[in-house]
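# Please find the sequence and the predicted model below.
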Amino acid sequence: MQDLKQKSVLKGMLTLGPSAGPTLIGEQCGRHRTVASSWAHPILQSLIKDDLAERHDDATYSLTSKGMIHAHRLFGRIVVTIDGPAGAGKTTLAKRVAQALGIPYLDTGAMFRGVAQRLGDLSWNRPPESLKHDIGGFRFALEGEGAASRIRMDGKLLGEEIRSETVSLWASNIAVIPIVRTALKRAQRRMGSDTSLVAEGRDMGTIVFPYAPSKLFLDAKPGIRAERRVKQLRDKGIDAVYEEVLSDIRKRDAQDRGRAVAPLRPAPDAKFINTSGMNIPDVFEAIMSHVSRTGVTEAA
(Lines give C-alpha, C1' and ligand atoms only; values in the text may rest on other atoms or scores of the structure.)
Protein backbone atom coordinates (compact mmCIF):
# COMPACT_ATOMS: atom_id res chain seq x y z
CA MET A 1 0.00 0.00 0.00
CA GLN A 2 2.81 2.43 0.87
CA ASP A 3 4.44 1.83 -2.53
CA LEU A 4 1.12 2.59 -4.26
CA LYS A 5 0.74 5.81 -2.28
CA GLN A 6 4.30 6.84 -3.12
CA LYS A 7 3.60 6.24 -6.80
CA SER A 8 0.46 8.38 -6.50
CA VAL A 9 2.47 11.23 -4.97
CA LEU A 10 5.18 10.95 -7.64
CA LYS A 11 2.52 10.87 -10.35
CA GLY A 12 0.96 14.01 -8.91
CA MET A 13 4.32 15.75 -8.83
CA LEU A 14 4.94 14.87 -12.47
CA THR A 15 1.55 16.25 -13.47
CA LEU A 16 1.54 19.36 -11.30
CA GLY A 17 5.20 20.34 -11.59
CA PRO A 18 6.45 23.03 -9.18
CA SER A 19 2.92 23.65 -7.80
CA ALA A 20 2.83 20.14 -6.30
CA GLY A 21 1.80 20.03 -2.65
CA PRO A 22 -0.10 17.62 -0.35
CA THR A 23 -3.55 19.12 -1.09
CA LEU A 24 -3.14 19.43 -4.86
CA ILE A 25 -1.56 16.00 -5.13
CA GLY A 26 -4.55 14.53 -3.32
CA GLU A 27 -7.00 16.36 -5.55
CA GLN A 28 -5.07 15.18 -8.61
CA CYS A 29 -5.51 11.62 -7.37
CA GLY A 30 -9.20 12.16 -6.62
CA ARG A 31 -8.93 12.45 -2.81
CA HIS A 32 -10.64 14.88 -0.43
CA ARG A 33 -8.19 17.64 0.59
CA THR A 34 -8.27 16.80 4.32
CA VAL A 35 -7.51 13.16 3.64
CA ALA A 36 -4.92 14.18 1.07
CA SER A 37 -2.80 16.09 3.55
CA SER A 38 -2.91 13.23 6.04
CA TRP A 39 -1.42 10.65 3.66
CA ALA A 40 0.50 12.75 1.13
CA HIS A 41 2.48 14.88 3.58
CA PRO A 42 4.41 12.04 5.29
CA ILE A 43 5.18 10.48 1.91
CA LEU A 44 6.59 13.78 0.70
CA GLN A 45 8.77 13.86 3.80
CA SER A 46 10.07 10.37 3.03
CA LEU A 47 10.86 11.43 -0.53
CA ILE A 48 12.81 14.41 0.81
CA LYS A 49 14.68 12.13 3.22
CA ASP A 50 15.65 9.88 0.30
CA ASP A 51 16.76 12.92 -1.77
CA LEU A 52 13.98 12.32 -4.30
CA ALA A 53 12.18 15.62 -3.65
CA GLU A 54 12.80 19.04 -2.17
CA ARG A 55 10.50 21.39 -0.26
CA HIS A 56 10.11 25.04 -1.23
CA ASP A 57 7.26 25.89 1.14
CA ASP A 58 4.27 24.12 2.69
CA ALA A 59 2.40 24.03 -0.63
CA THR A 60 5.25 23.61 -3.09
CA TYR A 61 7.55 20.66 -3.66
CA SER A 62 9.56 19.53 -6.68
CA LEU A 63 11.56 16.49 -7.71
CA THR A 64 15.37 16.45 -7.43
CA SER A 65 17.54 15.10 -10.25
CA LYS A 66 17.60 11.75 -8.47
CA GLY A 67 13.83 11.92 -8.09
CA MET A 68 13.35 12.63 -11.77
CA ILE A 69 15.39 9.59 -12.70
CA HIS A 70 13.33 7.48 -10.30
CA ALA A 71 10.03 8.89 -11.62
CA HIS A 72 11.23 8.48 -15.21
CA ARG A 73 11.75 4.77 -14.60
CA LEU A 74 8.26 4.44 -13.11
CA PHE A 75 6.15 6.57 -15.41
CA GLY A 76 7.70 8.40 -18.24
CA ARG A 77 10.65 10.00 -19.89
CA ILE A 78 12.84 13.06 -19.54
CA VAL A 79 13.07 15.42 -22.50
CA VAL A 80 15.36 18.45 -22.21
CA THR A 81 16.14 20.78 -25.13
CA ILE A 82 19.15 23.12 -25.13
CA ASP A 83 19.34 25.58 -28.02
CA GLY A 84 21.64 28.48 -28.81
CA PRO A 85 24.34 29.79 -31.16
CA ALA A 86 27.85 28.37 -31.61
CA GLY A 87 30.11 28.89 -28.62
CA ALA A 88 27.36 29.47 -26.05
CA GLY A 89 28.36 26.33 -24.13
CA LYS A 90 25.56 24.04 -25.34
CA THR A 91 27.67 20.96 -26.00
CA THR A 92 29.58 20.96 -22.72
CA LEU A 93 26.47 21.60 -20.66
CA ALA A 94 24.17 19.24 -22.56
CA LYS A 95 26.66 16.42 -21.92
CA ARG A 96 26.82 17.28 -18.20
CA VAL A 97 23.05 17.43 -17.87
CA ALA A 98 22.63 14.10 -19.68
CA GLN A 99 25.34 12.58 -17.48
CA ALA A 100 23.63 13.83 -14.32
CA LEU A 101 20.28 12.42 -15.43
CA GLY A 102 21.72 9.16 -16.75
CA ILE A 103 20.16 9.55 -20.20
CA PRO A 104 21.45 9.93 -23.80
CA TYR A 105 22.72 13.21 -25.21
CA LEU A 106 21.62 14.00 -28.77
CA ASP A 107 24.08 16.26 -30.61
CA THR A 108 21.95 17.35 -33.56
CA GLY A 109 24.70 19.63 -34.83
CA ALA A 110 26.79 16.52 -35.40
CA MET A 111 24.06 15.20 -37.68
CA PHE A 112 24.16 18.32 -39.87
CA ARG A 113 27.96 18.23 -39.87
CA GLY A 114 27.97 14.56 -40.81
CA VAL A 115 25.60 15.18 -43.69
CA ALA A 116 27.60 18.23 -44.84
CA GLN A 117 30.87 16.32 -44.78
CA ARG A 118 29.36 13.37 -46.64
CA LEU A 119 27.80 15.58 -49.34
CA GLY A 120 30.84 17.84 -49.67
CA ASP A 121 31.59 21.42 -50.62
CA LEU A 122 28.90 23.33 -52.56
CA SER A 123 26.39 20.53 -52.00
CA TRP A 124 23.89 23.23 -50.99
CA ASN A 125 23.80 24.31 -54.65
CA ARG A 126 22.57 20.93 -55.83
CA PRO A 127 18.97 20.47 -57.06
CA PRO A 128 16.58 19.79 -54.14
CA GLU A 129 15.45 16.42 -55.51
CA SER A 130 19.06 15.24 -55.76
CA LEU A 131 19.68 16.21 -52.12
CA LYS A 132 16.43 14.59 -51.02
CA HIS A 133 17.43 11.31 -52.66
CA ASP A 134 20.84 11.18 -50.95
CA ILE A 135 19.75 12.37 -47.51
CA GLY A 136 16.76 10.04 -47.50
CA GLY A 137 19.18 7.13 -47.61
CA PHE A 138 21.17 8.19 -44.53
CA ARG A 139 20.46 6.27 -41.31
CA PHE A 140 21.24 7.61 -37.83
CA ALA A 141 21.41 5.80 -34.50
CA LEU A 142 21.98 7.10 -30.96
CA GLU A 143 23.89 4.98 -28.45
CA GLY A 144 25.31 5.36 -24.94
CA GLU A 145 24.39 7.99 -22.37
CA GLY A 146 25.77 11.21 -20.94
CA ALA A 147 29.18 12.26 -22.20
CA ALA A 148 29.63 8.78 -23.69
CA SER A 149 26.68 9.23 -26.08
CA ARG A 150 27.55 8.75 -29.74
CA ILE A 151 25.77 9.08 -33.07
CA ARG A 152 26.26 6.62 -35.89
CA MET A 153 25.59 7.59 -39.48
CA ASP A 154 25.09 4.58 -41.71
CA GLY A 155 26.75 2.47 -39.02
CA LYS A 156 29.86 4.67 -38.70
CA LEU A 157 30.55 6.76 -35.60
CA LEU A 158 30.69 10.50 -36.22
CA GLY A 159 34.00 11.69 -34.74
CA GLU A 160 36.39 14.61 -34.72
CA GLU A 161 36.56 14.69 -38.52
CA ILE A 162 33.28 16.66 -38.55
CA ARG A 163 34.45 19.34 -36.07
CA SER A 164 36.53 21.58 -38.35
CA GLU A 165 35.48 25.18 -39.02
CA THR A 166 35.15 24.35 -42.73
CA VAL A 167 32.63 21.56 -42.09
CA SER A 168 30.89 23.84 -39.58
CA LEU A 169 30.28 26.45 -42.28
CA TRP A 170 29.17 23.78 -44.74
CA ALA A 171 26.69 22.55 -42.14
CA SER A 172 25.30 26.06 -41.69
CA ASN A 173 24.87 26.35 -45.46
CA ILE A 174 22.92 23.13 -45.85
CA ALA A 175 20.91 23.83 -42.69
CA VAL A 176 18.95 26.55 -44.52
CA ILE A 177 17.60 24.03 -47.03
CA PRO A 178 14.05 22.89 -46.10
CA ILE A 179 14.52 19.36 -47.47
CA VAL A 180 17.60 18.85 -45.30
CA ARG A 181 15.94 20.16 -42.15
CA THR A 182 12.82 18.07 -42.72
CA ALA A 183 14.82 14.86 -43.22
CA LEU A 184 16.96 15.40 -40.13
CA LYS A 185 13.97 16.47 -38.03
CA ARG A 186 12.35 13.13 -38.81
CA ALA A 187 15.53 11.27 -37.89
CA GLN A 188 15.84 13.22 -34.62
CA ARG A 189 12.24 12.56 -33.67
CA ARG A 190 12.67 8.87 -34.42
CA MET A 191 15.63 8.71 -32.04
CA GLY A 192 13.68 10.59 -29.38
CA SER A 193 10.40 8.74 -29.85
CA ASP A 194 10.94 6.10 -27.20
CA THR A 195 13.81 7.24 -25.03
CA SER A 196 14.69 10.03 -22.63
CA LEU A 197 17.30 12.44 -23.94
CA VAL A 198 18.94 15.84 -23.75
CA ALA A 199 18.72 17.32 -27.26
CA GLU A 200 21.18 20.07 -28.20
CA GLY A 201 20.87 22.20 -31.32
CA ARG A 202 19.31 25.35 -32.74
CA ASP A 203 15.62 24.46 -33.10
CA MET A 204 15.09 21.63 -30.62
CA GLY A 205 12.62 23.55 -28.48
CA THR A 206 10.88 25.37 -31.32
CA ILE A 207 10.59 22.74 -34.07
CA VAL A 208 11.84 19.23 -33.26
CA PHE A 209 10.56 18.74 -29.70
CA PRO A 210 8.12 21.64 -29.22
CA TYR A 211 6.23 19.79 -26.47
CA ALA A 212 9.30 19.04 -24.36
CA PRO A 213 8.51 20.31 -20.87
CA SER A 214 12.04 21.55 -20.21
CA LYS A 215 13.50 24.00 -22.73
CA LEU A 216 16.60 26.18 -22.41
CA PHE A 217 18.28 28.74 -24.64
CA LEU A 218 21.93 29.63 -24.02
CA ASP A 219 23.64 32.68 -25.50
CA ALA A 220 26.77 34.82 -25.00
CA LYS A 221 28.47 37.80 -26.63
CA PRO A 222 30.12 36.93 -30.00
CA GLY A 223 33.61 37.86 -28.76
CA ILE A 224 33.31 35.57 -25.74
CA ARG A 225 31.99 32.74 -27.89
CA ALA A 226 34.93 33.20 -30.28
CA GLU A 227 37.40 33.00 -27.37
CA ARG A 228 35.81 29.78 -26.17
CA ARG A 229 35.88 28.27 -29.66
CA VAL A 230 39.55 29.17 -30.17
CA LYS A 231 40.47 27.54 -26.85
CA GLN A 232 38.41 24.46 -27.72
CA LEU A 233 40.16 24.07 -31.08
CA ARG A 234 43.64 24.68 -29.70
CA ASP A 235 43.05 22.16 -26.92
CA LYS A 236 42.44 19.65 -29.69
CA GLY A 237 45.67 20.62 -31.43
CA ILE A 238 43.88 22.53 -34.17
CA ASP A 239 45.40 25.86 -35.20
CA ALA A 240 42.89 28.70 -34.75
CA VAL A 241 43.07 32.48 -35.22
CA TYR A 242 40.71 34.54 -33.06
CA GLU A 243 39.79 37.07 -35.76
CA GLU A 244 38.94 34.32 -38.23
CA VAL A 245 36.88 32.39 -35.71
CA LEU A 246 35.00 35.55 -34.70
CA SER A 247 34.27 36.32 -38.35
CA ASP A 248 32.97 32.76 -38.86
CA ILE A 249 30.77 33.01 -35.76
CA ARG A 250 29.23 36.28 -36.90
CA LYS A 251 28.64 34.84 -40.37
CA ARG A 252 27.01 31.75 -38.93
CA ASP A 253 24.91 33.82 -36.52
CA ALA A 254 23.55 35.79 -39.48
CA GLN A 255 22.76 32.57 -41.35
CA ASP A 256 21.16 30.82 -38.39
CA ARG A 257 19.10 33.75 -37.12
CA GLY A 258 18.07 35.01 -40.55
CA ARG A 259 17.07 31.82 -42.35
CA ALA A 260 13.45 31.47 -43.41
CA VAL A 261 13.12 27.90 -42.16
CA ALA A 262 13.49 27.25 -38.41
CA PRO A 263 15.53 30.37 -37.55
CA LEU A 264 17.60 30.35 -34.38
CA ARG A 265 15.44 31.81 -31.61
CA PRO A 266 14.30 30.85 -28.09
CA ALA A 267 11.04 28.95 -27.72
CA PRO A 268 8.38 31.11 -26.00
CA ASP A 269 8.54 28.92 -22.89
CA ALA A 270 12.33 28.41 -22.87
CA LYS A 271 14.49 29.61 -19.99
CA PHE A 272 17.03 32.09 -21.42
CA ILE A 273 20.53 32.05 -19.90
CA ASN A 274 23.22 34.54 -20.90
CA THR A 275 26.42 32.63 -20.20
CA SER A 276 28.80 35.54 -20.96
CA GLY A 277 29.80 36.15 -17.35
CA MET A 278 29.13 32.69 -15.97
CA ASN A 279 31.32 29.64 -15.47
CA ILE A 280 30.27 26.13 -16.40
CA PRO A 281 29.29 24.99 -12.85
CA ASP A 282 27.04 28.04 -12.39
CA VAL A 283 25.27 27.53 -15.71
CA PHE A 284 24.91 23.81 -14.95
CA GLU A 285 23.24 24.58 -11.61
CA ALA A 286 20.86 27.03 -13.29
CA ILE A 287 19.92 24.43 -15.89
CA MET A 288 19.42 21.64 -13.37
CA SER A 289 17.27 23.89 -11.20
CA HIS A 290 15.03 24.53 -14.20
CA VAL A 291 15.00 20.88 -15.25
CA SER A 292 14.17 19.71 -11.71
CA ARG A 293 10.92 21.66 -11.93
CA THR A 294 9.90 20.93 -15.50
CA GLY A 295 11.92 18.06 -16.94
CA VAL A 296 9.73 14.96 -16.78
CA THR A 297 6.91 14.36 -19.23
CA GLU A 298 4.51 11.48 -19.01
CA ALA A 299 5.09 8.71 -21.54
CA ALA A 300 2.71 8.61 -24.46
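Right, received. Where do you want to start? Residues are numbered from 1 along each chain as shown.

# now the strands: where do they sit in the stretch 201-300 of the chain?
214-219, 271-274, 296-298 (DSSP state E, counting those that start in this stretch).

# what's next to the longest one, contact-wise?
When contacts are defined by CB atoms under 8 Å, 6 or more residues apart in numbering, strand 214-219 is touched by residues 78-85, 88-90, 93, 204-205, 266-267, 269-275, 283, 287, 290-291, 294-295. Using the backbone N, CA and C atoms, a C-beta is placed for each residue, glycine as well.

# Now do that strand: distance to the chain's middle.
In terms of CA atoms, centre = their mean, to the nearest Å, the centre of strand 214-219 is found 8 Å from the chain centre.

# now it: mean pLDDT?
In this model, strand 214-219 carries a mean pLDDT of 95.

# Stretch 261-280 too?
If you average the pLDDT values across stretch 261-280, you get 92.

# do the same with stretch 113-121
Mean predicted confidence for stretch 113-121 is 93.

# swap in stretch 60-73?
Rounded mean pLDDT across stretch 60-73 is 68.

# just to revisit the earlier point, ok, of the contacts of strand 214-219, which come out buried?
78-85, 88-90, 93, 204-205, 266-267, 270-271, 273, 275, 283, 287, 290-291, 294-295 (16 or more other CB atoms under 10 Å).

# which ones among the residues you listed are found in helices?
90, 93, 283, 287, 290-291, 294 (DSSP state H).

# could the residues you listed go into a markdown table alongside pLDDT?
Formatted as a markdown table, those follow (pLDDT from 0 to 100):
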| residue | pLDDT |
| --- | --- |
| Lys90 | 91 |
| Leu93 | 95 |
| Val283 | 95 |
| Ile287 | 94 |
| His290 | 90 |
| Val291 | 88 |
| Thr294 | 77 |
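
# Please name the nearest non-neighbouring residue to Ser123.
Nearest non-adjacent residue to Ser123, counting by CB to CB, 6 or more residues apart in numbering: Ile174, 6.3 Å away.

# any idea how far Val180 is from the one you found?
5 Å (CB to CB, to the nearest Å).

# Quick check: neighbours shared by those two?
Counting by CB under 8 Å, 6+ apart, the contacts common to Ile174 and Val180 are 112, 115.

# Those two: who's more crowded?
Taking other CB atoms under 10 Å, Ile174 and Val180 do not tie; Val180 has more neighbours (24 against 21).

# The more buried one touches Val115, doesn't it?
Yes: with contact defined as CB atoms under 8 Å, Val180 and Val115 form a contacting pair (6.8 Å).

# Give me the distance between the two termini of stretch 265-272.
10 Å (CA to CA, to the nearest Å).

# shift numbering so it begins at 466
OK, 466 is where the count begins now, so the last one is stretch 730-737.

# so how far is that stretch off the chain centroid?
Here stretch 730-737 is found 12 Å from its chain centre; the criterion is CA atoms, centre = their mean.

# And stretch 643-661, by the same measure?
Relative to the centre of its chain, stretch 643-661 is centred 14 Å away, using CA atoms, centre = their mean.

# Point out where this structure drops to low pLDDT.
Low-confidence segments of the chain (pLDDT under 70): 466-468, 476-505, 522-524, 530, 533-534, 536-541, 658-659, 760-765.

# Look up the residues that both of Val645 and Val580 are in contact with.
Looking at what touches both Val645 and Val580 (by CB under 8 Å, 6+ apart), the common residues are 600, 639.

# Look at Gly532 and say how many residues are nearby.
Neighbour count for Gly532, taken as other CB under 10 Å: 23.

# Am I right that it is in a helix?
Yes: remark: Gly532 belongs to a helix, assigned using DSSP: H, G, I helix; E, B strand; the rest coil.

# so who does it touch?
Gly532 is in contact with 475, 478, 512, 516-518, 757, counting by CB under 8 Å, 6+ apart.

# which among these end up buried?
475, 478, 512, 517-518, 757.

# I'd like the residues you listed as a markdown table, with secondary structure and distance to Glu630 appended.
Shown next, in a markdown table, are those (DSSP: H, G, I helix; E, B strand; the rest coil; distance: CB to CB, whole Å):
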| residue | secondary structure | distance to Glu630 |
| --- | --- | --- |
| Leu475 | helix | 46 |
| Met478 | helix | 45 |
| Leu512 | helix | 48 |
| Leu517 | coil | 44 |
| Ala518 | strand | 45 |
| Ser757 | helix | 36 |
